[in-house]
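Chemist: Structure for the following, please:
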Amino acid sequence: MRVLITDDEPLAQVALEKILAQRADVERFDVAKDAVEALDKLSKENYDVLLLDISMPEVSGIELVDRLAKHDRPAPSIIFVTAYEEHAITAFKKHAVDYVLKPFSSERINEALDVAFRRTSAERAARLVEDLPRLQLLLQREGGSCLLRESISVMAEKLKAYGFIRIHRSVLINAAFVEEIKPWPTGEYGLRIKGGKEYTVTRSYKKNLREIATSWIGIDSFIEK
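Modeler: This is a model prediction of the structure:
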């Protein structure tokens with residue numbers, strides 16, 4: 001997941017950075033010192049979650065959310081992180097995922113992030129179902145290639161429910177098209193798909209072959225070493 005911290009308090013920024021740095025599910029995070037800088041970043045990049053203070057100079061956190069609603073880019077899930085509890089009702093009217101009061105604990109922030117990430121994943125899955133007919137047209141090509149402006153980690157998560165597995169840092173394959181898997185002395189595996197194309201399954205991703213092995217022979221024969 002990609003997260004943007006927007007807070008004009010340096011101590012709060014640092015605390016949130018430390019929490020995000022410890023999470024394996026955070027692919028990337030950036031920091032904006034105020035809402036103006038955040039709007040600039042959000043106009044150029046897509047973020048899944050926005051950790052947002054309310055009381056900031058020039059443009060408040062509430063105003064920032066209102067402006068985001070007018071953009072044509074996907075809106076991130078909003079977690080307000082603020083010292084002012086009186087804005088809670090307004091925040092939830094803006095469809096905020098959570099409202100965390102300062103001073104906060106790492107447990108409280110992680111709890112809010114867990115909810116936001118689950119919501120983001122659900123929304124991605126819903127969008128994928130809507131986009132699947134168009135996506136299938138891209139994937140069912142006899143030749144050529146298509147550029148998708150998403151990281152392979154994001155695509156792996158989106159396509160997991162449709163039988164795709166990751167076998168290399170730059171390769172996803174449809175498990176339904178796998179014809180043969182064979183172990184190599186190096187600890188890696190060779191994988192052949194329908195049509196004869198072969199791939200190397202690196203050690204980092206061989207655990208993903210377990211699902212295929214289970215469906216073929218009913219047991220998990222891929223053991224971590």
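Chemist: what residues does stretch 53-64 touch?
Modeler: Stretch 53-64 has contacts (CB atoms under 8 Å, 6 or more residues apart in numbering) with 6-9, 12, 34-36, 38-39, 52, 67, 80-84, 87, 90-91, 94. Glycine gets a C-beta too; all of them are placed from N, C-alpha and C.
Chemist: Pull out the buried residues from the residues you listed.
Modeler: For the contacts of stretch 53-64, a burial check counting by 16 or more other CB atoms under 10 Å picks out 6-9, 12, 34-35, 38-39, 52, 80-82, 87, 91, 94.
Chemist: check contacts around T6.
Modeler: When contacts are counted by CB under 8 Å, 6+ apart, T6 touches 31-32, 34-35, 37-38, 50-53, 56, 61, 64.
Chemist: Neighbours of L159, how many?
Modeler: Around L159 there are 18 other residues, counting by other CB atoms under 10 Å.
Chemist: Could you measure from it over to I109?
Modeler: Distance, L159 to I109, by CB to CB, to the nearest Å: 30 Å.
Chemist: T6 versus the residue lying closest to K194 once chain neighbours are set aside, what's the distance?
Modeler: Counting by CB to CB, 6 or more residues apart in numbering, F177 is the residue found nearest to K194 once chain neighbours are left out, at 4.7 Å. Using CB to CB, F177 is found at 44 Å from T6.
Chemist: what's the answer for I152, then?
Modeler: 28 Å.
Chemist: cool, L191 as well?
Modeler: To T6, L191 is 44 Å away according to CB to CB.
Chemist: Also P57?
Modeler: Remark: distance between P57 and T6 (CB to CB) = 12 Å.
Chemist: Could you do R192 as well?
Modeler: R192 is 49 Å from T6, where distance means CB to CB.
Chemist: where does this structure dip in pLDDT?
Modeler: For the chain, the stretches with pLDDT under 70 are 121-150, 161-162, 211-225.
Chemist: Remind me which helix or strand I78 belongs to.
Modeler: Here I78 sits within strand 77-82, counting by DSSP states H and E.
Chemist: Equivalent analysis for S153, please.
Modeler: Per DSSP H and E: helix 152-159 holds S153.
Chemist: Tell me the strands beside the helix or strand following that helix, with direction?
Modeler: Toward the C-terminal end, the helix or strand that comes next after helix 152-159 (DSSP H and E) is strand 164-168. Sheet pairing of strand 164-168 (DSSP bridges) gives strand 171-174 (antiparallel).
Chemist: And the partner strand, what's buried?
Modeler: I173.
Chemist: what does stretch 187-198 give?
Modeler: 188-189, 191, 193.
Chemist: Quick check: chain neighbours aside, which residue is closest to L51?
Modeler: The spatial neighbour of L51 that comes closest, neighbours along the chain excluded (CB to CB, 6+ apart), is I5 at 4.8 Å.
Chemist: circling back to that earlier point, so which of the buried ones among the contacts of stretch 53-64 belong to helices?
Modeler: Among the buried ones among the contacts of stretch 53-64, the members falling in helices are 12, 35, 38-39, 91 (criterion: DSSP state H).
Chemist: Relative to L209, which of the residues you listed is nearest.
Modeler: A38 (41.9 Å; CB to CB).
Chemist: Which residue ranges make up each domain of the chain?
Modeler: 2-120, 163-225 (automatic domain parsing).
Chemist: Pick the most deeply packed of the ones you listed.
Modeler: A comparison of the domains of the chain by mean neighbour count, using mean count of other CB atoms under 10 Å, puts domain 2-120 on top with a mean of 17.
Chemist: In this structure, what residue spans correspond to strands?
Modeler: Secondary structure of the chain (DSSP state E): strands located at 2-6, 28-32, 49-52, 77-82, 98-101, 164-168, 171-174, 178-183, 189-193, 198-201.
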